[in-house]
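S.K.: Turn this into a structure:
(chains A and B)
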Amino acid sequence: MIRFTWLQFRPQAIVALTALFAFAIVLVVTGPHLAGLYASSGITACHGGTCATVAGGFLSRLAITSPYPIVYELGIGLILAVPAIIGIFWGAPLIARELENRTFALAWTQSITRTRWLVVKLVLIGLAAMAVTEALSLSYAWWANPISKAIGLQGPYPVASEFGGNRLSLVIFASHGITPLGYAAFGFVLGTATGAFIRRAVPAMAVTLAIFAAAQVAMPLWVRPHLIPPDRTVVSGPSLVTSAGVNLGNLTATIVPGQPGAWITSSGAIASGGQRVSTVPAACVPPPPAKPPDPGRCLGSRGIREAITYQPASRYWPLQWIETGIFLALSLALAGVCFWRLGRSRT
Amino acid sequence: MNFAVEAAGLGKQYGRRWALRDCSLSIPPGRVVGLVGPNGAGKTTLLHLAVGLLEPTSGSIRVLGASPADGPAQLGRVGFVAQDTPVYARLSVAQHLRMGAWLNPGWDMEIAESRIRQLDLDPRQRAGTLSGGQRAQLALTLAIAKRPECLILDEPVASLDPLARREFLRSLMEIVAAQRISVVLSSHLIADLERVCDYLVVLVASRVQVAGEVSDLLASHHRLSGARRDASRLPANQEIIEESHTDKQSTFLVRTSDPVHDPAWTVRPVTLDDLVIAYMSRTAARERVYQPQLKVMS
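M.R.: Numbering: from 1, shown residues only, chains lettered A, B, ... in the order given. So this is what the prediction gives:
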């Protein structure tokens, strides 16, 4: 059954490997030059406070140097899209095509039970899906390593926003580490299960894409912030403006004092009575002819504080494991659904 | 001795609809059995239950004395050629044979390859580009080369042109002669079955209407014609399958194990075609009478 699975899967595997290879060539061609730019930028020799400036300079120069911004964004987009593509082209047709072309009558009347048939297919192609996605993620991480290091060094006030955020930021988190393994397995088994229910490949592909995209959006927005109970802090007075880096326009925090690299899941200003404040009081930002008062003191004197909910940078790996675990568990559950659906009393 | 296929109270329900209901039959082994019935009689459902593609909703079915698809061993004992003979369009003929070898411990590559040679098929040709007849032959080769004890074919020739149909049935006959296996072949065309079958099962609306050796069936059915006579005046040992009357004349198709001696009748033998049509139309006529009553009652 392993050999037969490979025989059927080979064309799809060749397409995937060709695409992976093409992307690897782009990385290999541009990677060393990127590393060279990093080495010659002076970051390696910096110390203390100068590092942020040098790193910021390196990133802002890189942001206008073709093709780095494009490859950077393309890579992340690809890592996020590949599990969906796998679900659509490997998962959805796996069972649906057999039912549609009626070849199930051939496949399931050989001297092999259909449970075994499904086990081998799910395990082998599932592992291939995870391997392809993780290979993509790792080779990309190797390529983007100078950029990641510079982002880490440039401190709380990013100069070049073209290069995403720190490694806990939404898309960087889902495209690095071990989460691509979870997304790949989930995408593939989701496609397979959808195909088993809809029984026609093309509609199953569309539904797979819709469900996967919904999961991909729901996870960072509504699930990931709560995977570990988040920390909370309240900052006030001058630190509200200087340390917390409040963006005075809308009173949202961009950094957490004393927590470099933390992921802020929500923040907002509250007045002394505890009610929410959405705009800076007009007295603190008078129109141009008047001399503006010190914003920190001005807000502080009105009892306005900033409440921040965040995940500290140290939780990167625990969050990675939990998120990957969730998607692997979902994959196993969906695989169970496939076995149930393929039971002989239901086909 | 085990029956090739034995069903008792067998039923399969899809939602509220019964595709097969309360079907009981025994198909003896070592024969070429024709399973004939109109479309929708439940033939495909019955055969899918026999090869384990489906599980019964009620009742039981045993093939060669064992429960279908009970495990790899039982799957290996039964060869199946499904309706419209599906094969993998993208795989070549040779790849199909390799699939057979990988998935069946009892696979005989010599049988498979010699059949492909005989059929003059190019092993490198993709199955999707084969003609309907060639595809059916490939499906038959796959079912045979696993060396089953029982071969089940679901309308294998229904979509073939007359020439391909004849070639396919000839191949089937050669296999039966060479391997002495049980064959169950469904069709709604009696002409196909006449050529190859020695045992016949007529299935209409899930029920076996008649079953038996083709030669016995032909010997025990007669067409009687003569002066008009009411059906009730026929002897008790003559079961009326079909009757038609004009003002002066009556014609009956009767089943009886005894010879017909009544000199008032002209007795003629029946063809298999007559026989099957008679049983099918008898059921249809009964349903026509029965259904209006059902409606009134409900």
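
S.K.: Mind picking out the helix or strand in the chain with the poorest mean pLDDT?
M.R.: Here I'm looking at chain A. Sorting the helices and strands of chain A by mean pLDDT, DSSP states H and E puts helix A:238-241 at the bottom, at a mean of 67.

S.K.: helices or strands next to the next helix or strand after that helix in the packing?
M.R.: Following helix A:238-241 in sequence order, the next helix or strand is strand A:263-270 (DSSP states H and E). Here strand A:263-270 touches strand A:276-277, strand A:305-311, going by 3 or more CB pairs under 8 Å, 6 or more residues apart in numbering or on different chains; DSSP states H and E. The C-beta positions use only the backbone N, C-alpha and C, and glycine is treated the same way.

S.K.: Retrieve the pLDDT associated with residue A:292.
M.R.: You'll see residue A:292 listed with a pLDDT of 67.

S.K.: quick revisit: any idea which of the helices and strands packed on strand A:263-270 is most buried?
M.R.: Neighbour counts averaged per stretch over the helices and strands packed on strand A:263-270 are highest for strand A:305-311, at a mean of 22; criterion: mean count of other CB atoms under 10 Å in any protein chain shown.

S.K.: possible to save the helices and strands packed on strand A:263-270 as JSON lines with mean pLDDT and distance to chain B?
M.R.: Below are the helices and strands packed on strand A:263-270 laid out as JSON lines (pLDDT from 0 to 100; distance: least, CB to the nearest CB, whole Å):
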{"stretch": "strand A:276-277", "mean pLDDT": "80", "distance to chain B": "54"}
{"stretch": "strand A:305-311", "mean pLDDT": "89", "distance to chain B": "48"}
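
S.K.: between those, which one is nearest to residue B:260?
M.R.: In terms of CB to CB, the element of the helices and strands packed on strand A:263-270 nearest to residue B:260 is strand A:305-311, at 95.1 Å.

S.K.: low-scoring stretches of chain B, by residue?
M.R.: B:1, B:287-298 (pLDDT under 70).

S.K.: care to break the chain down by domain?
M.R.: Here I'm looking at chain A. Using automatic domain parsing, the domain parsing of chain A gives A:2-226+A:317-341, A:231-311.

S.K.: if you could check chain B rather than the one you did, that'd help
M.R.: Split by automatic domain parsing, chain B gives B:5-205, B:219-297.

S.K.: ok so, going back, nearest to residue A:222 among the helices and strands packed on strand A:263-270 would be which one?
M.R.: Taking CB to CB, strand A:305-311 is the member of those nearest to residue A:222, at 13.6 Å.

S.K.: May I see the buried residues of the helix or strand containing residue A:117?
M.R.: Using DSSP H and E, residue A:117 maps to helix A:114-153. Of the residues in helix A:114-153, A:114, A:117-118, A:120-122, A:125-126, A:128-130, A:132-134, A:136-137, A:139-141, A:143-144, A:146-148, A:150-151, A:153 count as buried by neighbour count, 16 or more other CB atoms under 10 Å in any protein chain shown.

S.K.: Near chain A, which residues of the stretch 101-250 of chain B? Just list them.
M.R.: Neighbours of chain A within the stretch 101-250 of chain B, by CB under 8 Å from any CB of the partner chain: B:102-106, B:139, B:142, B:146.

S.K.: let's see 6 Å
M.R.: With CB under 6 Å from any CB of the partner chain as the criterion, the stretch 101-250 of chain B meets chain A at residues B:102-105.

S.K.: PyMOL command for the buried members of these?
M.R.: Selecting only the buried entries of those in PyMOL, with 16+ other CB under 10 Å as the criterion:
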select buried, chain B and resi 102+103+104
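
S.K.: Specify which member of the residues of the stretch 101-250 of chain B next to chain A is nearest to residue B:277.
M.R.: residue B:104 (39.7 Å).

S.K.: Any regions of the stretch 201-347 of chain A where pLDDT drops low?
M.R.: A:238-239, A:241-250, A:286-287, A:290, A:292, A:344-347.

S.K.: element containing residue B:120, please.
M.R.: Residue B:120 belongs to no helix or strand when assigned by DSSP H and E.

S.K.: phi, psi of it?
M.R.: The phi/psi pair for residue B:120 (degrees, to the nearest 10) reads phi 60, psi 40.

S.K.: Show the residue spans covered by the helices in the chain.
M.R.: The chain I'm using is chain A. Along chain A, the stretches classed as helices by DSSP state H are A:2-40, A:50-62, A:68-86, A:92-100, A:104-107, A:114-153, A:170-175, A:179-198, A:201-218, A:238-241, A:295-301, A:316-341.

S.K.: if you could check chain B rather than the one you did, that'd help
M.R.: Using DSSP H, the helices of chain B run over residues B:43-50, B:72-77, B:93-103, B:109-118, B:132-145, B:162-179, B:190-196, B:214-220, B:272-297.

S.K.: Can you convert those helices into TSV and add a column each for distance to residue A:34?
M.R.: What follows is these, written out as TSV (distance: least, CB to CB, whole Å):
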stretch	distance to residue A:34
helix B:43-50	60
helix B:72-77	55
helix B:93-103	45
helix B:109-118	55
helix B:132-145	54
helix B:162-179	64
helix B:190-196	71
helix B:214-220	81
helix B:272-297	79
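
S.K.: Out of these, which is the most enclosed?
M.R.: It is helix B:43-50: most buried of the helices of chain B by mean count of other CB under 10 Å, with a mean of 25.

S.K.: Output that one as CSV, nothing but the C-alphas.
M.R.: Once non-C-alpha atoms are left out, helix B:43-50 reads as follows in CSV (Å, rounded to 0.1, in the frame of the first residue of the first chain):
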residue,chain,number,x,y,z
LYS,B,43,-28.7,-5.6,-8.3
THR,B,44,-25.8,-3.2,-7.7
THR,B,45,-26.6,-2.8,-4.0
LEU,B,46,-26.7,-6.6,-3.6
LEU,B,47,-23.3,-7.0,-5.3
HIS,B,48,-21.8,-4.1,-3.4
LEU,B,49,-23.0,-5.8,-0.2
ALA,B,50,-21.4,-9.1,-1.5
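
S.K.: which other helices and strands contact that helix?
M.R.: strand B:17-27, strand B:150-154 (3 or more CB pairs under 6 Å, 6 or more residues apart in numbering or on different chains; DSSP states H and E).

S.K.: Please name the residues that touch the spatially most central residue of chain A.
M.R.: In chain A, the centroid-proximal residue (CA atoms, centre = their mean) is residue A:174; its distance is 2.1 Å. Going by CB atoms under 6 Å, 6 or more residues apart in numbering or on different chains, residue A:174 touches no other residue.

S.K.: ok, it to residue A:190 distance?
M.R.: Distance, residue A:174 to residue A:190, using CB to CB, to the nearest Å: 16 Å.

S.K.: The closest residue to residue A:219 other than its chain neighbours: neighbour count?
M.R.: Excluding the flanking residues, the one nearest residue A:219 by CB to CB, 6 or more residues apart in numbering or on different chains is residue A:323, at 6.9 Å. Residue A:323 has 22 neighbouring residues, counting by other CB atoms under 10 Å in any protein chain shown.

S.K.: so residue A:323 sits right up against residue A:179, yeah?
M.R.: Yes. Residue A:323 is within contact range of residue A:179, at 5.3 Å (criterion: CB atoms under 6 Å).

S.K.: Is it correct that residue A:163 is in contact with residue A:147?
M.R.: Yes. Using CB under 6 Å, residue A:163 is in contact with residue A:147, at 5.4 Å.

S.K.: tell me how far the ends of stretch B:148-163 are from each other?
M.R.: 27 Å (CA to CA, to the nearest Å).

S.K.: buried set for it?
M.R.: Buried, per 16+ other CB under 10 Å, within stretch B:148-163: B:148-158, B:160.

S.K.: Check those residues and tell me the two furthest apart.
M.R.: Across the buried residues of stretch B:148-163, the longest distance by CB to CB is 26.2 Å; it joins B:149 and B:160.
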